[in-house]
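Asks: Fold the following for me, if possible:
(one chain, ligands or ions: 1)
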Amino acid sequence: MSAKIGFIGAGKMASAMIGGIISNGLYTKDEVVACAPSDSTRSEVAAKYGIRTYRTAAEVAEITDFLVLAVKPVQLRGLFAEEGLRINGSHLVMSIVAGVKIADLEAYVPDSKIVRVMPNHCCLVGEGAAGYSRGTKATDADVEKVRKVLSSSGMAEEVKESDLDAVTGLAGSSPAFMYMVIDAMADGGVLCGIPREKAIKLAAQSMLGSAKMVLETGEHPDKLKDIVCSPGGTTIEGVRVLEDSCVRSAFIAAVEASTLKSREMGRK
Ligand SMILES: NC(=O)c1ccc[n+]([C@@H]2O[C@H](COP(=O)([O-])OP(=O)(O)OC[C@H]3O[C@@H](n4cnc5c(N)ncnc54)[C@H](OP(=O)(O)O)[C@@H]3O)[C@@H](O)[C@H]2O)c1
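Replies: Below is the predicted model:
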């Protein structure tokens, strides 16, 4: 029986995407398949989503022409060199394998259409932020298929492949930065007397609400900040402390450092 989309690898990222696709009605559970070598992973994903699972990638590639490569970078060579996976010109391959360039993927599968994606782990809760770049043979229709998959677990922007390292710095790494902000804000709340558990919830919801304000109003973040700062009020006092502490520069440098590290790893 054929399928509309097949995941090669059924780990954390694949599982999150499968959940998004099915819950948003992009494909039904009968149209989604996945493979993983271990029995436990296959049983888990089959039980969770009711999809068909297979042991090998070759079985998945036989029944669908839309493949999501979701194995670890070190597992990629084994797929093609050891298992002899064959992917042909009719296949669209969406790769989420971190750091593996389109040219390297095209060396493995010269005829197929490739879209390389850099997702972030917030797709686990349907709020991912991904960047993607098309390979030489991918058409607009192929890219649209990939965009729909990514949109079912968050949002996605097409970028030049050379900018995917910056997407890694900005969106791939930044959940860690945001968790640090939430934790630090919660510390501030605790210092001022709020119990830890409540402080974490209030800090996290404030970040979520602020992010929604930016995305849903379309206003520049600086303008929203100005709206919240009433003259001589409480908020501008806090803003002054953040400016004194060079917080903006620290975030700019953090995104740049992660981007540079991603570039360096890509060269290796
Ligand atoms: N996690 C993130 O936040 C994140 C962010 C951006 C990009 N990525 C990229 O996303 C990819 C997947 O990451 P992940 O966190 O989901 O990893 P993961 O949880 O370790 O999942 C990898 C999956 O690949 C399967 N696999 C291994 N060898 C295979 C083979 N020969 N054929 C078929 N399946 C095979 C594994 O099967 P078993 O379970 O049976 O071992 C496992 O289900 C990685 O390339 C990573 O770089 C991850």
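Asks: Could you list which residues are in contact with the residue in the stretch 151-268 of the chain that the ligand sits nearest to?
Replies: Across the stretch 151-268 of the chain, no residue is closer to the ligand than residue 172, which sits at 5.7 Å (Cβ to the nearest ligand atom). C-beta here means a position set from N, CA and C on the backbone, and glycine is covered the same way. Contacts for residue 172 (Cβ atoms under 8 Å, 6 or more residues apart in numbering) come out as 98, 118, 119, 120, 258, 262.
Asks: Residues of the stretch 1-150 of the chain that sit close to the ligand?
Replies: 8-14, 35-38, 41, 57, 70-73, 75, 78-79, 83, 96-98, 119-121 (Cβ under 6 Å from any ligand atom).
Asks: Buried only: go through the residues you listed for me.
Replies: For these, a burial check counting by 16 or more other Cβ atoms under 10 Å picks out 8-11, 13-14, 35-36, 41, 57, 70-71, 79, 96-98, 119-120.
Asks: Tell me which of those residues fall in helices.
Replies: Judged by DSSP state H, helices contain the following of those: 13, 14, 41, 57.
Asks: Residue 221: which of those is nearest?
Replies: Of all these, residue 13 has the smallest distance to residue 221: 28.6 Å, by Cβ to Cβ.
Asks: Now the phi/psi pair for whichever residue of the stretch 1-150 of the chain sits closest to the ligand, please.
Replies: Going by Cβ to the nearest ligand atom, the ligand is nearest to residue 11 of the stretch 1-150 of the chain, at 1.9 Å. Taking degrees, to the nearest 10, you get phi -90, psi -150 for the backbone angles of residue 11.
Asks: Pull the contacting residues for it.
Replies: Counting by Cβ under 8 Å, 6+ apart, residue 11 has contacts 36, 41, 70, 71, 72.
Asks: who's in contact with residue 266?
Replies: The contact partners of residue 266, taken as Cβ under 8 Å, 6+ apart, are 99, 101, 165.
Asks: ok, residue 108 - how many residues close by?
Replies: Residue 108 has 19 neighbouring residues, counting by other Cβ atoms under 10 Å.
Asks: Hmm, residue 80 and it touching each other?
Replies: Yes: between residue 108 and residue 80 a contact is recorded at 4.7 Å, counting by Cβ atoms under 8 Å.
Asks: now the strands for this structure?
Replies: Assigned by DSSP state E, the chain shows strands spanning 5-8, 32-35, 52-54, 66-69, 92-95, 113-118, 128-134, 154-158.
Asks: Which one, of these, ends up nearest to residue 247?
Replies: Minimum separation from residue 247 across the strands of the chain (Cβ to Cβ) falls at strand 128-134, 21.0 Å.
Asks: Tell me the strands beside the closest one, with direction?
Replies: According to DSSP bridges, strand 128-134 forms sheet pairs with strand 113-118 (antiparallel), strand 154-158 (parallel).
Asks: hmm, who's touching that strand?
Replies: With Cβ under 8 Å, 6+ apart, strand 128-134 has contacts from 16, 94, 102, 114-123, 142-143, 146-147, 150, 153-161, 163-164, 167, 171.
Asks: ok, now with 6 Å
Replies: The contact list for strand 128-134 (Cβ atoms under 6 Å, 6 or more residues apart in numbering) reads 115-120, 122, 143, 150, 153-159, 161, 164, 167, 171.
Asks: swap in stretch 156-163?
Replies: 102, 130, 131, 132, 133, 147, 150, 167.
Asks: Tell me, how many residues neighbour the nearest residue to the first one once chain neighbours are set aside?
Replies: Nearest non-adjacent residue to residue 102, counting by Cβ to Cβ, 6 or more residues apart in numbering: residue 135, 4.5 Å away. Residue 135 has 22 neighbouring residues, counting by other Cβ under 10 Å.
Asks: go on, the one 3 residues further on?
Replies: Using other Cβ under 10 Å, residue 138 has 22 neighbouring residues.
Asks: Quickly note the distance from the residue lying farthest from the centre of the chain to residue 226.
Replies: Residue farthest from the centre of the chain, counting by Cα atoms, centre = their mean, is residue 232 at 40.8 Å. Here residue 232 is placed at a distance of 14 Å from residue 226 (Cβ to Cβ, to the nearest Å).
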